[in-house]
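In: what's the 3D shape of this:
(chains A and B)
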Amino acid sequence: MPRNTGSDRGDSRRTFLRVAGAAGAVALAGCAGGGGGGSGDGDAETDASGGGSTETDAGGTATDAGSEGADITLGALYPLTGPYGGLAQLMRQGNNLAVAQINESGGINGSEVEIVGEDTQADPQTGNQKARKLVEDDDADVLFGAISSAVGAAVAGYAAEVNVPYYPVVAADQITGENCRRTTFRYTTRATQMATSGAPWAVDRFGTNFWIHNADYLWGNSVATAWEREARNAGEVNVVGNTTSQLGASDFSSYISEIAASDAEWVLTGLNGGDAVNFLKQAQSYGLKNNTTIVSPVNSFQFIRRAAGEAAIGTFASIRYFEGFDSEVNRQFVSDFTDMHGSAPDAFAHDGWTNVQMYALAAEQAGSTDTDAIIDAQPGIEFEAPMGSTRYRECDHQAVHPVSIGEIVEPADYEWPSMDVLQTVSSEDAILPCSDVGCEF
Amino acid sequence: MNLNLLALQLLNGIALGVLYLLIASGLSVIFGMTDIINFGHGALYMLGAYVGLSVFNFAGSFWVALIVAPLIVGVVGGILERFTLHRIYDRDPLYHIILTFGLALMIADGVEAIWGKGPQQFSSPEILSGAMALGPIFYPRYKLFLIGAGAAVALGIWLLFERTDFGLIVRAGAQSPDTVRIMGVNISNYFTLVFVLASALAGVAGVLAGPFLNVTPTMGDSILIVAFITVVVGGLGSFRGSVVAALLIGLLQSLGTVFLPQLTGFTIYILMIAVLLIRPQGLLGEYEVRSESTKVTFSEIINPVPITDRRVLGLIAVLAVVPLGIDTFYSSFFVGLLSLMFIWAILALSLDIVMGYMGLLSFGHAAFFGIGAYVTGLTILNVYNSFLLAAIIAIVLSAIVAYVIGALSIRLSGVFFAMITLAFAQMFYQLALTWNDVTGGSDGLSIPAIELFGLGLVDLGDTVIFYYFSLLVALGVYAGAVQFLDSPFGRIVTAIRESERRVSFLGYNTNTFKRRAFAISGAIGGLAGALLAAYQTFVSPSSLFWVVSGDVVIAMMFGGMGTLFGPMIGGAAFVALSEILSSYTDQWRFVLGLLLVLTIMAAPRGLVTVYQSLVDQVRDRTGSGGSPTAAPEQTPARDGGEPE
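Out: Numbers count the residues shown, from 1 in each chain, chains lettered A, B, ... in the order given. Down below sits the predicted model:
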């Protein structure tokens, strides 16, 4: 009986070669032809990020805006894959708007600006790798982004080693605290700033018994530490319980049950992105907010308000950015953003946009994109951002600006829940004095 | 003890359990009939959630989605089975398992391509929203519905298996497919039907889970592991076992989160390992390991190419001059990428020793990779900045861990061995994730640039220096492995794959050899991990996740199992493909999965054999007309003198 002879195997191998070759060719052709648009995250989606797809930037990880052969390259890190995907897209839109506006008014020091984005997958290892690629392969002069604080920390270390300025959009305290670097400039409201403005107010308004639940990673733990500290500074408090979940965890039922069964008057949730939405929705189905007020440093994010919808109404959050904020600069910003991307900006779009604008101003001031010149020039730049006047401090490269807290309420100008600003703390009051920060360059 | 909390957690546990049951029962049934552990099951579950979401958005009704989506997923499962698995049922079941991993990648990326990467929101139907008062506690209506609906479906399936002819044939097929064939039933059609059914069940689970859990492209990965554990604990092939195990695990996770938070991640892995060691057939299972599915086998033996071979020397020469082209042809990032390729080559080679030469399907090699990386990082940070020192410690520790794992697992074979190695590796992942003080948790460890010897002599942070260093290490490892396998020890290891019984008749204690070979494999994997830490100057738990183990298997299979140099090429190709493809498309894992599927179906011995057949074709074409044995150093030894 003939066994599987060589010619049969040869046949199947030839077939394999043909099919594999064809598949490979199709894959490459299709993707190259799509202009790197294979990521599809701008297009046919039902997610919360964009209304119509009038974006001028195609999705994907190729060059996002600007033209070929530009003289100044900005490298951007976006967690497109994972729980922060929706937030990442908004940050990218903000960056692209800034780049477009800068190029329209002649670029930086007369040079055209281009921005290249990479997907960090919210993983520090990947983020590190992508930062390397941006600096070594794409010749980026400066790095922006991250969102995930763990990625931010990893990239900050790398950026310091290769002496490239880095403007992280992360909120964990350490990045301008004990792990500060002279190459890092952080505009984003850090956890302590939000805690200082939010914790005493929450204790005052909701009670002294509270629960802390956070995602177990750099930012989540940072939030928990900061809020507990600031609450205790304000007076006698009782932390009824402290639980953590894994970043990206999908089932919060156990924690919600625990909180509901306890005598906590309010709960602080150190959760962001998809985690925050999930928590709110699941808490809604347990009816948690009827008995325990939910307070968060970030639920004011547009992505979360949109995705959680009704589940977010009646909860409270620190406000990093609010599209209905009453300032001339903000109205202009919202209008420009809506023109370019077809929907309203959010905190990450705002942070991304502000970072790029402030960098551009520093580069103009310094007359070059040389890292040391930028580091010298940046703290001296005072910028009128949509949420208020801001500048970077010399001592820790942290930006100061006023911080607000408010309630999430029924929709007003848009179809997603709006906010009621209840308290605003001034820049000086919201930030720790230089001596307390623990930063040494 | 807070009774309310207990009651809430009991209900939570049952809800989780029902979900796991729906997925695990499908897995179990497929395995019972076909010996295939379907790695694609998590992806089918995810597909169910996404399709359900789309149907819901389209038709406006959750109930329509609940009916239509599982049907669609069932059809998809059936099509996949028909086009791939169906054609290779005559092969080793272990190849099927690897193929399903490729399918999983394809489905997952397909979902991303269609629906995007970000999380999607699936709202529950109006009448099921909100909480219901159950005595003193409030419990979400939707979860109560989930418990009820899931239980109803499970009951239906049980009835199907116990009371219908279809179920009779399925159960009979699980016991003895040949007998069923003899009785005139076309059992392979039933394989397809079972796959369809299982896929539909996974789809139901997906739709039910959608409104409550996160609908993301990664939801399949996390639930798959739990499903595997459920199936193993309950008993492969046993539906009742799945019920018991699913509830047990759901309750364990739910109650554990509250009462044993430190151990939360570990409990299920410990449970699975305990069951595998004490009672491998599971709590209620009666499955006996069929002899065909104990080892990976292949008939064609290809010997590793000696390092003095012309082609190898030529390749080395080319690689040696690559760094000279930096900044002229390519950036230093490219050279760094090549270093990464060498690292993966070493890792794939380590797996080949266990899988290609010993025939054991190890799905946990990420453990050694990660241990090597972490130990190196910790040594550099806390002891002394010398790569040599750190690497030695890493290798030794990895070898010890591998020896222990091997000692515990070696009595198992085939699928069970795969499962237990998977469990061990996941435990290390959990450890890295939760042992914050030491490992930095999910934030990882940042390492300063590493010196080779310390004392500031050789800086491995320099891309070019690291490139040459990793190239040397890769060559050294390969040469060493070739020597090792040529030694008496190595030959016995190879013989064990061919026939363990005969080797033991010859008087060798096969278990000793297996343990030692596994330890050596772990040591090499640890070395690869050490190099990774030096390359990245950063370590995070992601290098321990089970998907990485799967990636190593892909790399090895793609290159060519059992050849030593094949997996090295495969490892390098894997890195190259990932990098190249990922800059063109976000769906590069789809292409990777597709290549894996094609490789298994058409060229199961990988690229190496493709090369061989190319050489043969060229030779035929140029009419040298001779037998393939014309060039001795090119052709492998033939078994039984068959013509090639």
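In: Which positions in the stretch 351-500 of chain B make contact with chain A?
Out: B:Leu433, B:Thr434, B:Asn436, B:Gly441, B:Ser442, B:Asp443, B:Gly444, B:Ser446, B:Ala449 (C-beta under 8 Å from any C-beta of the partner chain). Glycine gets a C-beta too; all of them are placed from N, C-alpha and C.
In: In TSV: those, plus neighbour count and secondary structure.
Out: Rendered in TSV, the data for these read as follows (neighbours: other C-beta atoms under 10 Å in any protein chain shown; DSSP: H, G, I helix; E, B strand; the rest coil):
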residue	neighbour count	secondary structure
B:Leu433	22	helix
B:Thr434	20	helix
B:Asn436	14	helix
B:Gly441	22	helix
B:Ser442	25	helix
B:Asp443	26	helix
B:Gly444	30	coil
B:Ser446	22	strand
B:Ala449	14	coil
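In: And the furthest pair within these?
Out: Using C-beta to C-beta, those reach their maximum pairwise distance at B:Thr434 and B:Ala449, which is 28.6 Å.
In: helices and strands around the host helix or strand of A:Ala199, which ones?
Out: Of the helices and strands defined by DSSP states H and E, A:Ala199 is found in helix A:191-206. Contacting helix A:191-206 under the criterion 3 or more C-beta pairs under 8 Å, 6 or more residues apart in numbering or on different chains; DSSP states H and E are the following elements: helix A:218-234, strand A:266-270, strand A:293-296, strand A:316-319, strand A:403-411, strand A:417-425, helix A:427-430.
In: Go again with 6 Å.
Out: Under the contact definition 3 or more C-beta pairs under 6 Å, 6 or more residues apart in numbering or on different chains; DSSP states H and E, helix A:191-206 sits against helix A:218-234, strand A:403-411, helix A:427-430.
In: hmm, the helix or strand just after that helix in reach of chain B?
Out: For helix A:191-206, the following helix or strand on the C-terminal side (DSSP H and E) is strand A:209-215. No - Strand A:209-215 lies apart from chain B when judged by C-beta under 6 Å from any C-beta of the partner chain; the minimum separation is 8.8 Å.
In: Neighbours of B:Asp309, how many?
Out: Counted with other C-beta atoms under 10 Å in any protein chain shown, the neighbours of B:Asp309 add up to 14.
In: Residue ranges in the chain under the pLDDT threshold?
Out: Reading this off chain A. Judged by pLDDT under 70, chain A has its weakly predicted residues at A:1-70.
In: my question was about chain B
Out: Chain B contains residues with pLDDT under 70 at B:1, B:286-299, B:456, B:586, B:623-644.
In: check contacts around the residue most central in space within it.
Out: Of all residues in chain B, the one closest to the mean position by C-alpha atoms, centre = their mean is B:Gly550, 3.2 Å from it. With contacts defined as C-beta atoms under 6 Å, 6 or more residues apart in numbering or on different chains, B:Gly550 is in contact with B:Phe101.
In: Report the separation between it and chain A.
Out: Relative to chain A, B:Gly550 is positioned 16 Å away (C-beta to the nearest C-beta, to the nearest Å).
In: In which helix or strand does that residue reside?
Out: Judged by DSSP H and E, B:Gly550 forms part of helix B:546-559.
In: Using PDB, list the CA coordinates for that helix.
Out: Below are the C-alpha coordinates for helix B:546-559, written out as PDB (Å, rounded to 0.1, in the frame of the first residue of the first chain):
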ATOM      1  CA  TRP B 546       0.600  32.600  27.700                       C
ATOM      2  CA  VAL B 547       0.200  34.200  24.300                       C
ATOM      3  CA  VAL B 548       4.000  34.500  24.200                       C
ATOM      4  CA  SER B 549       4.300  30.700  24.700                       C
ATOM      5  CA  GLY B 550       2.000  30.300  21.800                       C
ATOM      6  CA  ASP B 551       4.100  32.700  19.700                       C
ATOM      7  CA  VAL B 552       7.200  30.600  20.400                       C
ATOM      8  CA  VAL B 553       5.300  27.500  19.200                       C
ATOM      9  CA  ILE B 554       4.300  29.300  16.100                       C
ATOM     10  CA  ALA B 555       7.900  30.400  15.500                       C
ATOM     11  CA  MET B 556       9.200  26.900  16.000                       C
ATOM     12  CA  MET B 557       6.600  25.200  13.800                       C
ATOM     13  CA  PHE B 558       7.000  27.800  11.100                       C
ATOM     14  CA  GLY B 559      10.700  27.200  11.000                       C
END
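In: Show me what the helix or strand just after that helix is packed up against.
Out: Using DSSP H and E, the next helix or strand after helix B:546-559 towards the C-terminus is helix B:565-584. Applying 3+ C-beta pairs under 6 Å, 6+ apart, one finds that helix B:565-584 contacts helix B:332-352, helix B:546-559, helix B:588-602.
In: Next, the buried residues of helix B:565-584.
Out: In terms of neighbour count (16 or more other C-beta atoms under 10 Å in any protein chain shown), helix B:565-584 has its buried residues at B:565-575, B:577-579, B:581-584.
In: For the helix or strand containing B:Ser613, name the packing helices and strands.
Out: B:Ser613 belongs to helix B:607-621 when assigned by DSSP H and E. Taking 3+ C-beta pairs under 6 Å, 6+ apart as contact, the helices and strands that helix B:607-621 lies on are helix A:6-33.
In: how about 10 Å then?
Out: Here helix B:607-621 touches helix A:6-33, helix B:546-559, helix B:565-584, helix B:588-602, going by 3 or more C-beta pairs under 10 Å, 6 or more residues apart in numbering or on different chains; DSSP states H and E.
In: So the nearest residue to A:Val400 once chain neighbours are set aside versus chain B, what's the distance?
Out: The shortest distance from A:Val400 to any residue that is not its chain neighbour, by C-beta to C-beta, 6 or more residues apart in numbering or on different chains, is 4.2 Å, and that residue is A:Ser427. Shown here: A:Ser427 relative to chain B, a distance of 29 Å by C-beta to the nearest C-beta.
In: these two touch, right, A:Ser427 and A:His401?
Out: Yes - the pair formed by A:Ser427 and A:His401 meets the contact definition of C-beta atoms under 10 Å, at 5.4 Å.
In: any common contacting residues for those two?
Out: Overlap of the contact sets of A:Ser427 and A:His401 (by C-beta atoms under 10 Å, 6 or more residues apart in numbering or on different chains) consists of A:Gln193, A:Gly388, A:Ser389, A:Thr390, A:Arg391.
In: Give me the subset of those residues that lies in strands.
Out: When DSSP state E is applied, these are split such that A:Gly388, A:Ser389, A:Thr390, A:Arg391 fall in strands.
In: Mind checking which of these are buried?
Out: Listed as buried from these are A:Gly388, A:Thr390, A:Arg391; burial here means 16+ other C-beta under 10 Å.
In: okay if I get those as JSON lines plus distance to chain B?
Out: Formatted as JSON lines, the entries for these read as follows, by distance: C-beta to the nearest C-beta, whole Å:
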{"residue": "A:Gly388", "distance to chain B": "30"}
{"residue": "A:Thr390", "distance to chain B": "28"}
{"residue": "A:Arg391", "distance to chain B": "29"}
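In: Using JSON lines, lay out those residues together with distance to A:Trp211.
Out: Output for those, formatted as JSON lines (distance: C-beta to C-beta, whole Å):
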{"residue": "A:Gly388", "distance to A:Trp211": "32"}
{"residue": "A:Thr390", "distance to A:Trp211": "33"}
{"residue": "A:Arg391", "distance to A:Trp211": "37"}
